[in-house]
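**Student:** coordinates only, sequence not included:
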C-alpha cells in the first residue's frame with residue numbers, strides 16, 4: 001500500500017473516531033443529564049425513540065467503521081513495513097474496541113433491548129438503576145472514545161516529527 005492510500009485510511013479513521021467520540025460526549029454532557037430530569041414515562045418513551053432513531057446507515061458506518069478501521073490501518077501499516085505505526089494503530093483500535101464497542105455490546109445494548117419492551121405508563125421498579133448503569137457505561141465509552149481519537153490524532157500529528165519514518 002502506498003503512503004497516500006495509508007494516509008487517507010488514517011485520516012478516515014481519525015474522522016470516524018472523532019465523530020463517535022463527539023457522539024458519546026454530546027450524549028454524556030447534554031442528553032443524559034436532561035433525561036435524568038424526566039419521570040419514568042418520559043424517560044422510557046424518549047430513550048425508546050432515541051434507540052429506534054439511532055439505528056440508521058450513517059450511524060452504523062461511523063460506529064462500525066470506528067471499531068474496525070484502526071485495525072485495517074494497523075494491518076496496512078504493518079504489511080507496508082511501518083511496524084511502529086501499525087502498533088500505535090493497533091493500540092488505538094484495541095482501546096476503542098475493548099472500551100467502546102465491547103461495553104456497548106455487553107452493557108448498553110442489553111439495557112436498550114430490555115427498555116424497548118417496557119411500557120412507559122408502567123415502568124419497572126428498577127428503571128432508575130438501568131438508566132444510571134446505562135449512563136455510567138456511556139461515560140466510560142465517552143472517555144475511551146476520546147482517548148482513542150486523541151491517540152489517532154497524535155499518530156498523524158507526530159508523523160512530521162518522526163521525519164516520515166515510522
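**Tutor:** Cool, got the structure. Quick caveat: nothing in here was measured; it's all calculated off a predicted structure. Residues are numbered from 1 along each chain as shown.

**Student:** shaky segments in the protein?
**Tutor:** For the chain, the stretches with pLDDT under 70 are 1, 160-166.

**Student:** Helices along that one, start to end?
**Tutor:** Using DSSP state H, the helices of the chain run over residues 3-26, 32-35, 40-54, 57-79, 83-96, 102-103, 109-116, 127-158.

**Student:** Go through these and pick out the most buried.
**Tutor:** helix 83-96 (a mean of 20; mean count of other Cβ atoms under 10 Å). (Each C-beta comes from the backbone N, C-alpha and C, glycine too.)

**Student:** just the angle between that one and helix 3-26, please?
**Tutor:** Calculated by axes from the mean of the first three to the mean of the last three Cα atoms, to 10 degrees, helix 83-96 forms an angle of 20 degrees with helix 3-26.

**Student:** what's helix 83-96 packed up against?
**Tutor:** Helices and strands in packing contact with helix 83-96 are listed as helix 3-26, helix 57-79, helix 127-158; criterion 3 or more Cβ pairs under 8 Å, 6 or more residues apart in numbering; DSSP states H and E.

**Student:** Nearest to residue 105, out of those helices?
**Tutor:** helix 57-79 (9.8 Å; Cβ to Cβ).

**Student:** Can you work out which other helices and strands pack against that closest one?
**Tutor:** Secondary-structure packing of helix 57-79 (3+ Cβ pairs under 8 Å, 6+ apart): helix 3-26, helix 83-96, helix 127-158.

**Student:** who touches it?
**Tutor:** Applying Cβ atoms under 8 Å, 6 or more residues apart in numbering, the contact partners of helix 57-79 are 1, 5-6, 9-10, 12-13, 16-17, 19-20, 23, 83, 85-90, 92-93, 96-97, 100-101, 145, 148, 152, 166.

**Student:** now that helix, how far from the chain's geometric center?
**Tutor:** 12 Å (Cα atoms, centre = their mean, to the nearest Å).

**Student:** any idea of the angle that helix forms with helix 3-26?
**Tutor:** Using the same axes, to 10 degrees, helix 57-79 lies at 140 degrees relative to helix 3-26.

**Student:** now the angle from helix 57-79 to helix 40-54?
**Tutor:** 60 degrees.

**Student:** if we can go back for a sec, need the helices and strands packed on helix 83-96 in a markdown table with distance to residue 40, can you?
**Tutor:** Below are the helices and strands packed on helix 83-96 laid out as a markdown table (distance: least, Cβ to Cβ, whole Å):
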| stretch | distance to residue 40 |
| --- | --- |
| helix 3-26 | 24 |
| helix 57-79 | 26 |
| helix 127-158 | 5 |
